[in-house]
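Colleague: give me a model of this one.
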Amino acid sequence: MADDGLLPAAFAAPCAKMHLSGLEPAATPIVPQSKSAARKALTELSVRLKELRTRLLASGRSGNIHRLLFILQGMDTCGKDGVIKHVLGALNPVGVRVASFEKATRRELAHHFLWRIERQVPGPGIIGAFNRPHYGDVLIPRVHDSMPATALSQRYDEINGFERRLSDHGVLLVKCFLHISPGVQEKRLVARLDDPKKTWKYDPDDVTERARWDAYQEAYDEAITTCAGPDGPWSIIPSDHKWYRNWAVAALLAQRLRELDPQFPPPPDTAHERARIIASRVDIRGQRG
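Modeller: Model prediction:
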């Protein structure tokens, strides 16, 4: 975006077949080009995001149906939690809802796979963030070959229908794939073992799934291609550099919120309400006797 330098901070997913292998995870397409510059730019963006978040919340409380749903996907260690911390964590928690979807429980498995997702959709005026939501229900079965192709195709159709319904009900979808390289994932997995404060994050299953790297890239190619309609376009965020990743996501969110352009509701009759507040002093004194 020429005026703010927001795009091409990310790679827009094409309408044709997606090929993640052709995108560089360490890319920094536009400024900032250093960690210090990115931190400064992120601080400035946070101020803008706070204002836009306040306007969105105010408009929702006045009857506007618009809200934003931020969907994060990516390989293990790509930084989903980091993005939520550094981008959304800078905002007042009032008006922000974060949902992380772990392995489905027995109760959740008894329902349609979108049941637990729909229950977390943010209400009007709210910014919602979904950490690894419904796309796991097509990616994992495809990689593990645990579901017939016809069933997977049906799930893609259901996801597209679900996202269309969200859009029809005022939900602005911002879908981000945090794109990292296998070399960077290796370093981040080892770092978890080397830091006693991070060992709790380490899951041996991550290494098992890492061995299926190419299969996951193909699965993401398919999911992004199949579910990249006008109601839910994807942005591919180069994420080998954490500092660039955080700035790029914040820039994208600021851009999409500004396009939505939420407005404060019209003020009440301030003179009348001021008079009522002052008059209430007498009532309060009278109650105290």
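Colleague: residue 210: how many residues sit nearby?
Modeller: Using other Cβ atoms under 10 Å, residue 210 has 16 neighbouring residues. Backbone N, C-alpha and C define where each C-beta goes, glycine included.
Colleague: going along the chain, name the strands of the stretch 151-289 of the chain.
Modeller: Ranges of strands in the stretch 151-289 of the chain, per DSSP state E, counting those that start in this stretch, are 171-179, 234-238.
Colleague: how long is stretch 23-34 end to end?
Modeller: The straight-line separation of the ends of stretch 23-34 (Cα to Cα, to the nearest Å) is 20 Å.
Colleague: quick check: buried residues in that stretch?
Modeller: Of all the residues in stretch 23-34, those buried under the rule 16 or more other Cβ atoms under 10 Å are 25, 27-28, 30, 32.
Colleague: turn the strands of the stretch 151-289 of the chain into a markdown table, including mean pLDDT, mean neighbour count and distance to residue 21.
Modeller: Formatted as a markdown table, the strands of the stretch 151-289 of the chain follow (pLDDT from 0 to 100; neighbours: other Cβ atoms under 10 Å; distance: least, Cβ to Cβ, whole Å):
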| stretch | mean pLDDT | mean neighbour count | distance to residue 21 |
| --- | --- | --- | --- |
| strand 171-179 | 96 | 22 | 10 |
| strand 234-238 | 93 | 24 | 12 |
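Colleague: want to throw the ones you listed into a markdown table with distance to residue 102?
Modeller: Formatted as a markdown table, the strands of the stretch 151-289 of the chain follow (distance: least, Cβ to Cβ, whole Å):
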| stretch | distance to residue 102 |
| --- | --- |
| strand 171-179 | 18 |
| strand 234-238 | 22 |
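Colleague: next, residue 112: secondary structure please.
Modeller: coil (DSSP: H, G, I helix; E, B strand; the rest coil).
Colleague: quick one, phi psi at it?
Modeller: Note on residue 112: backbone dihedrals following degrees, to the nearest 10 are phi -60, psi 150.
Colleague: what about it, how many neighbours?
Modeller: Counted by other Cβ under 10 Å, the residues lying close to residue 112 total 11.
Colleague: residue 54 now?
Modeller: Per other Cβ under 10 Å, the neighbour tally for residue 54 reads 17.
Colleague: now do the one 4 residues further on
Modeller: In terms of burial, residue 58 registers 16 neighbours under the definition other Cβ under 10 Å.
Colleague: isn't it up against residue 265?
Modeller: Yes. Look at residue 58 against residue 265 with Cβ atoms under 8 Å: they come within range, at 6.1 Å.
Colleague: go through the strands of the stretch 151-289 of the chain and name the closest to residue 69.
Modeller: strand 171-179 (5.2 Å; Cβ to Cβ).
Colleague: sheet partners, orientation included, of the closest one?
Modeller: With DSSP bridges as the test, strand 171-179 is paired with strand 67-74 (parallel), strand 234-238 (parallel).
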